[in-house]
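J.: Sharing a model prediction with you, sequence too.
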Amino acid sequence: MKNGSGRSRGRSWPVVDDTPVESQSGKVSYRDAGVDIDAGNEVVSRIRDAVQSTQDERVLDGSHGAFGGFFRLLDGAGQLFGKPLKDPILVGATDGVGTKLKVAFACKKLDTVGIDLVAMCVNDLVVGGARPLFFLDYVATGKISPEAIAVVVEGIAEGCRQSGCALLGGETAEMPGFYQPGELDLAGFSVGVVEKEEILDGARVAAGDVIIGLASNGVHSNGFSLVRRVLMDGENAMPLDQDPANWGHTLGEELMKPTRIYVKSLLSVLENHRSSVHALAHITGGGLLENIPRVLGAGQGATLHRSAWERPPIFSLIEEMGPVATEEMDRVFNQGIGMTVIVDRASSETILQQFRDLGETAWVIGEVVDGLQVESGADVGERVQIVS
């Protein structure tokens, strides 16, 4: 189905009508079965501007009825982003929002989950040094609301604008009886590109390298099953519409803060300091203890200094209300660090300042070591220790 702009979205928009309709012909219609195709056109109309706002001349006109989205890799001069290509490598990533959606349903707030969806994918692309090109989404629900789907897609479009990629297409699946009424699930898919010689794979990480941490926006999109268990379930459940500790906003607003998208800041730093940036790690499921080791070499470890960064109060609330052990917090949540950047020591202060100039809250939070020597009282993962 087209988005009405002449560019194919590749999206179908079936919508359940609550009112049974008798077919005048006496024959069973799709509408009799609860699917209103005409209502899909309303959704397409609602999202047209949002989708178009993410697209440029790289997205080919789909007026010929294409079932997929077409994306031009090279410009008229045979270049990509103004540079000639030597050995371009396409990079793909897929992810979802997880049970953060349950909080969104409880808060009746769907306008930011699309940003979360894009962030979870494009942040994974950029850690390999790739620049996101385009994004596709998948929305599944039991009964489609045009209004709700439009709000979600507008959030996805905002995430695409923040990361500089095109919203190329998507799909909506209606599965009656599969989901609770009013609920939906999301999945995202993103493709980026990087020159082979510029891939960041951690091969250059060395002992003595400095670890810079970029601040998260709170919980982001991981660990919400534990969040719900501690803060929303049982007799000690906290009201989502109240401020729990004089934060100046409600608990629901805190939990629904969208995942930060680090793409533009990271690409800017890589443009100026690629040789000095040795690895990036997106701090998602597994927290600091599990994600940093993914970019370390054999025999390497990392020591982080907990006092070096500011932990958002939401994590203290979760830890205290559980109670949840500190090590479990470090293994589940980002603890205030959404992205880590491993750089050579000589360039660390310059790179740190550039991140701050770009609007990121950033700290030097640790260093890479050979043969991890565990300190007394440290929270220790397999290859990472966090000391006070």
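T.: Sure, I can see it.

J.: Which residues are in contact with the residue nearest to C165 when sequence neighbours are not counted?
T.: Setting aside the residues directly before and after it, C165 is nearest to P132 in space (C-beta to C-beta, 6 or more residues apart in numbering), at 3.8 Å. Every residue, glycine included, has its C-beta placed from N, CA and C. Remark: with contacts taken as C-beta atoms under 8 Å, 6 or more residues apart in numbering, P132 is in contact with 122, 125-126, 163-165, 190-192, 263.

J.: what's the answer for G371, then?
T.: For G371, the contact set (C-beta under 8 Å, 6+ apart) comprises 299, 301.

J.: For E360, what is the enclosing helix or strand?
T.: E360 belongs to no helix or strand when assigned by DSSP states H and E.

J.: Among the contacts of P132, pick out the one closest to L280, please.
T.: Sorting the contacts of P132 by how near they are to L280, with C-beta to C-beta, puts V126 at the top with 6.9 Å.

J.: what's the burial count for the closest one?
T.: Neighbouring residues of V126 were enumerated by other C-beta atoms under 10 Å; the total is 28.

J.: ditto for L186
T.: The burial metric for L186, expressed as a neighbour count using other C-beta under 10 Å, is 25.

J.: Just the local confidence number for it, please.
T.: Looking at L186, its pLDDT is 97.

J.: Helix, strand, or coil at it?
T.: Assigned with DSSP: H, G, I helix; E, B strand; the rest coil, L186 falls in the strand class.

J.: now R294
T.: Under the three-state scheme (three-state DSSP), R294 adopts helix.

J.: now do A157
T.: helix.

J.: Report the contact partners of the closest residue to it other than its chain neighbours.
T.: For A157, ignoring the flanking residues on the chain, the nearest one in space by C-beta to C-beta, 6+ apart is A50 at 3.9 Å. By C-beta under 8 Å, 6+ apart, the contact list for A50 reads 150, 153-154, 157-158, 167.

J.: Can I get stretch 184-197 in CSV? Just the C-alpha atoms.
T.: Taking Å, rounded to 0.1, in the frame of the first residue of the first chain, the C-alpha atoms of stretch 184-197 are listed here in CSV:
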residue,chain,number,x,y,z
LEU,A,184,0.5,-4.0,20.2
ASP,A,185,4.1,-5.2,19.6
LEU,A,186,6.8,-3.5,17.6
ALA,A,187,9.9,-4.7,15.7
GLY,A,188,12.4,-2.6,13.8
PHE,A,189,14.9,-3.2,11.1
SER,A,190,17.7,-0.9,10.0
VAL,A,191,20.4,-1.0,7.4
GLY,A,192,23.6,1.0,7.3
VAL,A,193,26.9,1.2,5.5
VAL,A,194,30.6,1.4,6.4
GLU,A,195,33.8,1.1,4.5
LYS,A,196,35.4,-2.2,5.3
GLU,A,197,38.6,-0.6,6.4
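
J.: Flag every buried residue along that stretch.
T.: In terms of neighbour count (16 or more other C-beta atoms under 10 Å), stretch 184-197 has its buried residues at 184-194.

J.: I'd like these as a markdown table, with distance to G286 appended.
T.: Supplementary listing: these in a markdown table, determined by distance: C-beta to C-beta, whole Å:
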| residue | distance to G286 |
| --- | --- |
| L184 | 26 |
| D185 | 22 |
| L186 | 21 |
| A187 | 20 |
| G188 | 19 |
| F189 | 21 |
| S190 | 20 |
| V191 | 24 |
| G192 | 22 |
| V193 | 27 |
| V194 | 24 |
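
J.: Closest one of those to L74?
T.: V193 (10.5 Å).

J.: Which parts of the stretch 101-250 of the chain are strands?
T.: Under the criterion DSSP state E, counting those that start in this stretch, the stretch 101-250 of the chain contains strands at 131-141, 166-174, 184-195, 210-215.

J.: For those, which has the smallest mean pLDDT value?
T.: Ranked on mean pLDDT, the bottom entry among the strands of the stretch 101-250 of the chain is strand 166-174, at a mean of 88.

J.: Would you list the strands that that one pairs with, along with their directions?
T.: Its sheet considered, strand 166-174 pairs with strand 131-141 (parallel) by DSSP bridges.

J.: Right, I'll call it a day here.
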